[in-house]
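# need the 3D shape of this:
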Amino acid sequence: MSAKILVLEDNELLLETLDEFLSDSGYSVRLAKSGKDAIDLTYHEDFDLFLLDVKVPDINGFEFLKQMRDTGSKTPAIFLTSLRDKESLAQGFELGGDDYIKKPFDLDELLFRIKAVLSRKIDDEDEVKIFGNFYINRKRKRVLDMGVELDINPKDYKLLELLIENRGKVVTTEMIVEKLWRNDLANIGSIRVYITNLKKIFGKDSISNIRGVGYRFEK
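So this is what the prediction gives:
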């Protein structure tokens, strides 16, 4: 499941551009043209990030975030703003904003900022840092790179979780069989395939092959 972003923006052309760009970048996107519409969406869905224009109808971006923070929401927020004065920017941060980008902005720069903010969004109960910008989400059983969930099959994930739990120690073939297959018929040859899949994500030096014994996660 990809990170879900709520975009609050009243410029229809920019809204459509952001919808297409963020969707193509792997995110799930919901759109709102007014603060009221945005609040309505939060009643029905949980979001991983708010992308907020400040000057929008009904309830502006600052007031929207204030209401969210008053309800206890910790969802990170990035402001899209044409405001240039330091007082306005300071207000955004005081209300609980995490970042801002000034209009007009480069879409690639926006994507970098989104990834950086999402990489800092760590839920201690669900997400555990592997190294660098990589995390695992134990609840979703997914791997994230800078907040974006990667395509990983269930057995790859189970093997990764076992390696991380024993970081720096040798995980024997017997331990892997027990974790991945339990009472099912084990396929020893498949272990090498799963190890290769993980190395494609984390780098060829991330896992060492301890010949005749098992594997060790080195990161």
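# leaving out sequence neighbours, find the closest residue to the residue nearest the centre of the chain.
Nearest to the geometric centre of the chain sits Gly147, at 2.1 Å (C-alpha atoms, centre = their mean). In space, and not counting its chain neighbours, Gly147 is closest to Leu118: 2.4 Å by C-beta to C-beta, 6 or more residues apart in numbering. Where C-beta positions appear, they are placed from N, C-alpha and C, glycine not excepted.
# now do the strands in the chain.
4-8, 28-32, 49-53, 77-81, 99-102, 127-131, 134-137, 142-145, 148-149, 171-172, 207-210, 214-217 (DSSP state E).
# got CSV for those strands, with distance to Tyr194 and mean pLDDT too?
Compiled in CSV, the strands of the chain are given as follows (distance: least, C-beta to C-beta, whole Å; pLDDT from 0 to 100):
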stretch, distance to Tyr194, mean pLDDT
strand 4-8, 29, 97
strand 28-32, 28, 96
strand 49-53, 31, 95
strand 77-81, 36, 91
strand 99-102, 37, 90
strand 127-131, 16, 82
strand 134-137, 15, 86
strand 142-145, 13, 86
strand 148-149, 18, 80
strand 171-172, 12, 96
strand 207-210, 10, 95
strand 214-217, 10, 96
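# the ones you listed into CSV, with extra columns for mean neighbour count?
Below are the strands of the chain laid out as CSV (neighbours: other C-beta atoms under 10 Å):
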stretch, mean neighbour count
strand 4-8, 23
strand 28-32, 18
strand 49-53, 25
strand 77-81, 23
strand 99-102, 16
strand 127-131, 16
strand 134-137, 20
strand 142-145, 20
strand 148-149, 18
strand 171-172, 18
strand 207-210, 14
strand 214-217, 21
